[in-house]
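K.L.:
Provided below are the primary sequence and the corresponding predicted coordinates.
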Amino acid sequence: MRPIEPPKREASVASRAVQKLCVTAVLLVHVWITAVVAPALAKEPREPNSAAIIEAALAAQVGRLLPACPDGVGWSRAGLSVRDGRVTAADLIGEIGGYAGAAGTTGGLGGRLLVVTTNADYDPARERPIPGSLRFHVDSARRNNEAAWIVFDPALGSNTRIELKATLRPPSNITIDGSCADVTLEAPLDSRTINLYIYSGVQNVIVARLAFRKVGSVAVQPPSAIHVNGNFDRIAILHNDLSNCGDGCIDITVSPNKPMPLPARITVAYNFFRNHNKVMLFGTFSCPQVDGLNRCGHDYTTANQHEPAVLYLTLDGNLFLQTGQRHPRVFGRVLAHITNNFVAFQSQLQGSAQPGSSYGVFVSNAARALVENNVFLPIDASQHRSLGVWTVKSPNALDVSTDTEGFVRLRGNALYNGAEATEDRPAEVPEPDYSYGLQSLSDLPLAASLACVADRAGRAGANAWNKVLCTVQSNRSP
């Protein structure tokens, strides 16, 4: 293992003012500074080892206690205002930035507050409904065609596991909010169950502060943990933990041979991904199908390079530790804004028990991506080409015969351990049509940038960026 190299810096990006910190965030600052940041920044005769830093961070993040909800009356502890059984305000909505935020995503705001009181589940095709279960409330909101804000009774206790017996399909105008709870949605690997499926026609959904994973042994090719597909809009996926996801952790797609949808806006922010191979797809399978594969060529790129995007993604403030590839893979008629993420990638075993590819962001098939202010760290750069951000035209590109050129604009990323990031026709990539803030990740030492993102990411993440961890300080080593 080579010692870590200093980052390559593209540009200095000024950070915007951060919000006021809560008591929980201050305590987490202390934990991170004492357990991770301070040791890593201590003056040593050699650079710290990247694998050791990631291992320590992974252990700290996985073992991180979910913050206790502050004292309050009723569900105000979870940042909710409730009147006559309906949610009239929610702090969580203030965290939705990017495309979904600009589109006015509110989830179940204004709808009934529904409390999950049991971890039991049922197969709606074979079994009777179980009142108080998550599925019962989801199905009730669909059946009644009304907005709903679903929360979990803290009396369920820690390490609550909901073993799903069928795919969970939330309808429009709904929030599934795991605040003040410790809930994991599990699906068996030996089934076609998707933990959460947002299907065509669904709009205005928030999914927050839950854990997702697949369990058991693999007997079939398992689907992804979260799948968003078809003609959807205004989706926010915030503060979740995802690991051992099956095929992918989050796939956001338009299926082959389907018409292009109306413009759809989605924000995936402040999530924690770990120990998985293929993390995230974002794209339209709009190229010709040949032998069951989506195959694009130069003619496709030429014909579609000026076509407007139909899917718009903001990927902001996510933490990827020991994940293999697709952070995300971006393809087709889409526009992705990828910012403030920490990506520590490493080859993971595939279903065949063979090591998979290892890279950061891959953009193809006339897709567009603005990639700014992220950290890309190949954990073991000696074993794989260290592709942080790439297209089929990048030097050292992997052989992807089914794909053609995508368009990339780079700005202010930090590249460690020889990671490479290459632009491809950046003038084709427009600026986002919303305001946003940038953290000073490229100006921070590695461990400090890791701590900055980790403090906000996942179920236990803070609800604002931490100015102590995310600001360059003069007494830190360069």
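P.N.:
Arrived safely.
K.L.:
quickly list what the residue nearest to Arg169 when sequence neighbours are not counted is bridged to.
P.N.:
In this structure, Arg169 finds its nearest non-sequential neighbour in Tyr197, 5.2 Å apart by CB to CB, 6 or more residues apart in numbering. Any C-beta I mention is one placed from the backbone N, CA and C, and that applies to glycine too. When assigned by DSSP bridges, Tyr197 has beta-bridge partners His227.
K.L.:
dihedrals phi and psi, Ala51?
P.N.:
Phi and psi for Ala51, reported as degrees, to the nearest 10, are phi -60, psi -40.
K.L.:
now do it: how many residues are near it, please.
P.N.:
Ala51 sits with 18 neighbouring residues when counted by other CB atoms under 10 Å.
K.L.:
my guess is it contacts Asp380, does it?
P.N.:
Yes. Taking CB atoms under 8 Å as the definition, Ala51 is a contact partner of Asp380 at 6.9 Å.
K.L.:
three-state assignment of Ala447?
P.N.:
Using DSSP: H, G, I helix; E, B strand; the rest coil as the criterion, the local structure at Ala447 reads helix.
K.L.:
isn't it up against Ser50?
P.N.:
No. Counting by CB under 8 Å, Ala447 stays clear of Ser50, with 9.9 Å between them.
K.L.:
mind listing what's buried along stretch 394-408?
P.N.:
For stretch 394-408, the buried set under the neighbour-count rule, 16 or more other CB atoms under 10 Å, comprises Ser394, Ala397, Leu398, Asp403, Thr404, Glu405, Gly406, Phe407, Val408.
K.L.:
same check on stretch 136-153?
P.N.:
In stretch 136-153, the ones that count as buried by 16+ other CB under 10 Å are 136-142, 146-152.
K.L.:
mind checking the pLDDT average for that stretch?
P.N.:
Looking at stretch 136-153 alone, the average pLDDT works out to 97.
K.L.:
swap in stretch 114-122?
P.N.:
For stretch 114-122, the mean confidence score works out to 97.
K.L.:
so Ile266 touches Ala100, yeah?
P.N.:
Yes. Taking contacts as CB under 8 Å, Ile266 lies within contact range of Ala100: 5.6 Å.
K.L.:
joint contacts of these two?
P.N.:
Common contact partners of Ile266 and Ala100 (CB atoms under 8 Å, 6 or more residues apart in numbering): Arg234, Ile235, Ala236, Thr314.
K.L.:
just the buried residues of these.
P.N.:
A residue is treated as buried here by neighbour count (16+ other CB under 10 Å); on that basis the buried members of the shared contacts of Ile266 and Ala100 are Arg234, Ile235, Ala236, Thr314.
K.L.:
double-check that the last one belongs to a strand.
P.N.:
Think Thr314. Yes. The assignment for Thr314, made by three-state DSSP, places it in a strand.
K.L.:
run through the bridge partners of it.
P.N.:
Per DSSP bridges, the residues bridged to Thr314 are Thr267, His337.
K.L.:
contacting residues for it?
P.N.:
If you count contacts by CB under 8 Å, 6+ apart, Thr314 has them with 97-101, 266-269, 336-337, 339, 432, 436.
K.L.:
can I assume Asn340 is in contact with Leu441?
P.N.:
Yes. Between Asn340 and Leu441 a contact is recorded at 6.6 Å, counting by CB under 8 Å.
K.L.:
could the buried residues of stretch 394-408 be laid out in a markdown table, adding secondary structure and pLDDT?
P.N.:
A markdown table is the format used below for the buried residues of stretch 394-408 (DSSP: H, G, I helix; E, B strand; the rest coil; pLDDT from 0 to 100):
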| residue | secondary structure | pLDDT |
| --- | --- | --- |
| Ser394 | coil | 94 |
| Ala397 | coil | 92 |
| Leu398 | coil | 89 |
| Asp403 | coil | 89 |
| Thr404 | coil | 90 |
| Glu405 | strand | 92 |
| Gly406 | coil | 95 |
| Phe407 | strand | 96 |
| Val408 | strand | 98 |
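K.L.:
in those residues, find the pair that's most separated.
P.N.:
With distances taken as CB to CB, the most widely separated pair in these is Leu398 and Phe407, at 18.1 Å.
K.L.:
quickly name whichever of the shared contacts of Ile266 and Ala100 is closest to Trp75.
P.N.:
Distance to Trp75 across those (CB to CB) is lowest for Ala236, with 19.4 Å.
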